[in-house]
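# What follows is a predicted structure for the sequence shown.
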Amino acid sequence: MFDALEKTLEKAEKEKLKRELQLQAAAAAASGAPATATATATVPTTTQGAPAIATPHLSLINQLYQGQMTDYISCMSCGYSREHTDVYLDVSVDIGRSTTLEHALSEFVTPEILDKDNRWGGCINCKPTKVEARKGFKFLSLPQILCVQLKRFVYDPNAMNRVKLHSKCMLCCSYRYTASQMICVVFVLII
């Protein structure tokens with residue numbers, strides 16, 4: 001979906017730049033003055049060489065869909081914590097054990113305890129010992145429109161294949177109002 005949007009935006013930017021150059025050339029020709037300025041059209045690219053989305057359009061998408069989340073892991077022995085903050089445009093939640101979307105989101109932010117054979121060896125204060133730790137996600141900011149992907153498949157190690165879940169997950173709509181704006185509206189499309 002985003003690839004098609006990027007291509008459409010890139011094409012629109014190229015056409016807009018081409019029209020502007022044609023208008024400048026026409027204005028110079030109409031005035032009788034020789035065109036002295038030349039312009040070259042370049043398309044911004046990412047580090048992989050793919051076309052980048054133009055900033056004004058990216059800004060609109062970010063304003064609507066972008067939020068911030070922190071991925072953290074903290075030592076339960078000394079309290080040392082390592083965090084990484086990143087932006088997101090959607091959230092992928094597991095619905096295998098959840099009966100509602102609200103429960104699935106709650107499970108998403110519930111920290112995982114790393115213990116027994118799964119202890120954490122990255123605490124700088126407790127090295128070289130592996131310690132029990134708490135690992136999870138925290139939402140720092142929510143977007144105006146939150147896109148939620150429902151993970152409808154799980155991996156079956158016995159069959160060495162993915163298996164589709166047939167459990168039901170209720171998708172509730174919740175409306176909360178403040179004096180000036182609506183806080184949350186949930187629209188759901190399941191394909």
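Done, it's in. Just so you know, these numbers come straight off a predicted model, no measurement behind them.

# just so I have it, where are all the helices in this protein?
For the chain, applying DSSP state H gives helices covering 2-31, 55-65, 101-109.

# Identify the residues contacting stretch 146-158?
With contact meaning CB atoms under 8 Å, 6 or more residues apart in numbering, stretch 146-158 is reached by 65, 67, 89-96, 101, 104-105, 161-165, 169, 186, 190. All C-beta atoms are positioned from the backbone trio N, CA, C, and that covers glycine.

# quick one: the residue lying closest to Pro143 once chain neighbours are set aside from Ser141, how far?
Excluding the flanking residues, the one nearest Pro143 by CB to CB, 6 or more residues apart in numbering is Gly67, at 4.4 Å. To Ser141, Gly67 is 5 Å away according to CB to CB, to the nearest Å.

# These two: which has the busier surroundings?
Using other CB atoms under 10 Å as the criterion, Gly67 and Ser141 rank with Gly67 on top: 20 against 10.

# what bridges to that one?
Tyr88 (DSSP bridges).

# hmm, back to that, which of the contacts of stretch 146-158 are buried? Put it as a PyMOL command.
For the buried members of the contacts of stretch 146-158, the matching PyMOL selection, counting by 16 or more other CB atoms under 10 Å, is:
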select buried, resi 65+67+91+93+95+101+104+105+165+169
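
# Low-confidence regions, this structure specifically.
Residue ranges of the chain with pLDDT under 70: 1-14, 16-58, 169-191.

# Strands of that one, start to end?
For the chain, the strands defined by DSSP state E occupy 67-75, 81-88, 90-94, 112-114, 133-141, 147-151, 153-156, 161-164, 176-177, 182-184.
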